[in-house]
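> Need coordinates for the below:
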Amino acid sequence: MSAPGALAGAQIAGGLASGIASFAAGDAAAEAGRRANQQAQINAQLLEDLGVLRAADIRRERGRIMGTRRTAFAKGGVNPNTGTALDVLLDASTEDELAALNAKFGFDSQAFQQRVQGANAEFAGLQQQNALNAQGFNAIAGSVVSAGTTFTLLSPKASGFTFDSTLTNSQLQQTIGGRPLLDLNPTTGGLTRMIT
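Below you'll find the predicted structure:
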């Protein structure tokens with residue numbers, strides 16, 4: 001292999017290695033974000049389940065207390081199903097249900113925070129993956145462009161150009177999008193640049 005070919009090959013290999021490493025790091029970041037979100041969703045579900053259990057415990061305990069209150073009214077000769085006794089029991093029952101709902105709401109609130117944190121972690125992982133993928137593409141593209149420039153400048157025949165010193169600058173120029181690709185140096189008669 002010629003020196004220009006070896007140099008170009010080394011540039012491309014380096015760019016590929018850098019690009020592949022960036023892609024792998026991006027995939028790892030996305031996977032870490034996804035796993036963090038999964039764990040947060042599991043934690044959120046556990047918190048919601050705990051809220052349901054805690055509310056059930058409160059209702060059960062308050063139901064036991066309510067039974068004790070009804071029995072106390074009945075022992076005192078007061079009918080617990082009418083009048084003031086009923087009002088007291090209904091107020092107590094309402095307070096008991098509010099206590100159960102407040103306990104459940106506290107756990108639901110924590111679960112919601114877990115879900116938001118998980119979604120944010122996954123989003124951050126995806127953002128990092130996008131940035132690393134862009135970095136990888138740039139590394140690969142940059143190495144290919146750089147290797148092409150080096151290879152063309154050092155070995156014009158390998159790129160399909162036949163160098164003929166009798167050609168004028170305008171005859172030798174080729175363009176990409178209207179920009180010159182190769183120029184002939186009028187002073188030395190040699191190939192001087194490649195614009196990419």
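
> What segments of the chain are strands?
In the chain, the strands defined using DSSP state E lie at 175-176, 179-180, 182-184, 191-194.

> Number of residues surrounding the closest residue in space to F23 that isn't next to it in sequence?
Nearest non-adjacent residue to F23, counting by Cβ to Cβ, 6 or more residues apart in numbering: G136, 4.6 Å away. C-beta here means a position set from N, CA and C on the backbone, and glycine is covered the same way. Neighbourhood size, G136 [other Cβ atoms under 10 Å]: 21.

> can you check the one 10 residues further on too?
A total of 17 residues lie near S146 under the criterion other Cβ under 10 Å.

> Verify the contact between it and A10 for me.
No - under the criterion of Cβ atoms under 8 Å, S146 is not in contact with A10, lying 10.5 Å apart.

> Mind splitting the protein into its structural domains?
Per automatic domain parsing, the domain ranges recorded for the chain read 3-160, 162-196.

> Which of the ones you listed has the highest mean neighbour count?
Ranked by mean neighbour count, these are led by domain 3-160 with a mean of 15 (mean count of other Cβ atoms under 10 Å).

> Run through the residues that contact P80.
P80 makes contact with R69, R70, F73, A74, L86, L89, according to Cβ atoms under 8 Å, 6 or more residues apart in numbering.

> From I12, how far off is it?
Distance, P80 to I12, using Cβ to Cβ, to the nearest Å: 89 Å.

> tell me the contacts of the residue nearest to F23?
S18, G19, I20, A21, S22, F23, G26.
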